[in-house]
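S.K.: Let's see this in three dimensions:
(chains A and B)
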Amino acid sequence: MNVVLPALKDFQFKGVSEYLEDLVACIDAPRLNHLFITFFNDIEFDTPQLVHFIGRTPTFKAPDRARLVFLDSAVRVEFPLQPSGYGELNVGISCRELDWQLSSLVEFCSLLFPSLSVLKHLYIYERQPSLPDGQDDFENTQWLDILRPFIAVKNLYLSEQFAPRIAVVLQKLVAGGMIDVLPKLQNIFLEELPPSEPVQEGIEQFVAARGLSGHLITVFHWEREW
Amino acid sequence: MFDSYIGELREIEAWQSLVHVCQRWRCLVFASPYRLKLQLVCTPETPARYTLEVWPVLPLLIQGHVPETSDVDDIVAVLEHRHRVCKIDLNVPSSQFEKVSAAMQEPFPELTDLSLWSYDETASVLPDSFLGGSAPSLRSLWLDGIPFPGLPKLHFSATLVSLRLLTIPYSGYISPEAMVNCLSVLTSLESLRLEFQSPLPALTWRANIYLCR
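M.R.: Below you'll find the predicted structure:
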């Protein structure tokens, strides 16, 4: 039988996933509204108990947005529970290099797939000074795997630094005829507007291709508030 | 008039200026220690061994940063008044930590808030006898860089609201099963933070799990 923590509102954990799995398998926290987790980097994550714990916590049942946030020393998936106000589900992995961060995200997004499949808003941005130059096919494949679970996203928000990388990925979608990635997308919000030439080219191709299949996509300016 | 000296924005010892006004005011203030929330703050710089007896028997707060080069004799002197200590918020170098720990092996029945930090290398392990094995009034416990593997054996009351174990070193490992048992009595707990210093090596992890079963 699980231990119920009736008053617990805030739970923060930093450690290995095995420990958290054993812990959350045995507790329920019906009033929890702030869960902040940082895993040490690991080769692989297997967190079914965490997914169950999130699923049986009432506050976390219906987030409508996610943020993929790249930091100096970690990558985080944030689910703010209200556009403004307290309450958040926030899971991060400690790692520094972008390729490690992307690999961790691929794995984590696939684990969280059920909760990602209903989100309407997706933000991708950094809270660090700069990203490495260059982008190879492996990175593009990783981005496709990251984006694939977000099947209900209508609004995609891209920071100035990530827009070029995602624009390349969107071009690949067009070239590959892939329509299973971001199939419900309606609006793209760019922090930099007008965008640089490569970004404009990539997004125009994507918008045109989706338009041909009857899905209109509009591009707007995004003013980041944090 | 006196009430304006006990607001949240006032310093804890603001009342001391009142008792220096005149004998009558001093008597009035000391006649209402609970209503005026009179407390004495002791820091590592307070010469407590000599000055504590100047004051009436009031609740004690111990707080501050102990520099590497200082000793903790005066802090230990305050800890000897364990029935009066209600809050402790101390940042202690590992070289001095054992003395502080040794002075806290008896119950502190009035202690509501305990924060202990070790700001350099890992402090020595807190023994199971820490606080005499019970913390009947504790509302907040915050240990940072301080190993306390015997925490699940500590008898908390259900009043604990906040538990923070940060920068937990290997020597402070607590198994998930023991942690769940510990949490099971904390029905008022609102905030829980568990943060390990670094991942346990796989072999150590397995060995610890084995040993804890």
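S.K.: all helices for the chain, in order.
M.R.: Chain wasn't specified; assuming chain A. A:17-24, A:48-55, A:98-111, A:113-116, A:137-147, A:163-176, A:197-212 (DSSP state H).
S.K.: actually chain B
M.R.: B:16-19, B:23-31, B:48-51, B:73-79, B:94-102, B:176-183, B:202-212.
S.K.: buried ones in the fifth one?
M.R.: The neighbour-count criterion (16 or more other C-beta atoms under 10 Å in any protein chain shown) identifies B:94-97, B:99-101 as the buried residues of helix B:94-102. The C-beta positions use only the backbone N, C-alpha and C, and glycine is treated the same way.
S.K.: likewise the first one?
M.R.: Applying a neighbour-count criterion of 16+ other C-beta under 10 Å, the buried positions in helix B:16-19 are B:18-19.
S.K.: Give me the distance between the nearest residue to A:V199 once chain neighbours are set aside and A:H121.
M.R.: Take A:V199 and drop its neighbours on the chain: the residue closest to it by C-beta to C-beta, 6 or more residues apart in numbering or on different chains is A:A167, 4.4 Å away. Computed as C-beta to C-beta, to the nearest Å, the A:A167 to A:H121 distance reads 19 Å.
S.K.: before we move on, the earlier item: could the buried residues of helix B:94-102 be laid out in TSV, adding pLDDT?
M.R.: TSV is the format used below for the buried residues of helix B:94-102 (pLDDT from 0 to 100):
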residue	pLDDT
B:S94	88
B:S95	88
B:Q96	90
B:F97	91
B:K99	93
B:V100	95
B:S101	95
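S.K.: From these, pick the one nearest chain A.
M.R.: Of all the buried residues of helix B:94-102, B:S94 has the smallest distance to chain A: 21.3 Å, by C-beta to the nearest C-beta.
S.K.: ok, and the closest non-adjacent residue to the closest one?
M.R.: B:A123 is the one closest to B:S94 (C-beta to C-beta, 6+ apart), at 4.6 Å.
S.K.: Count the neighbours of the one you found for me.
M.R.: Residues near B:A123, counting by other C-beta atoms under 10 Å in any protein chain shown, number 28.
S.K.: Kindly report the residues of chain A close to chain B.
M.R.: Contact residues (C-beta under 8 Å from any C-beta of the partner chain) of chain A with chain B: A:3, A:5-16, A:18-19, A:22-23, A:26-27, A:38, A:40, A:42.
S.K.: Which entries within these meet the buried criterion?
M.R.: Buried, going by 16+ other C-beta under 10 Å: A:3, A:5, A:7-16, A:18-19, A:22-23, A:26-27, A:38, A:42, out of these.
S.K.: Give me every residue in chain B lying close to chain A.
M.R.: Near chain A, when you scan chain B using C-beta under 8 Å from any C-beta, you find B:161, B:176-177, B:179-180, B:183-184, B:186-196, B:198-200, B:205.
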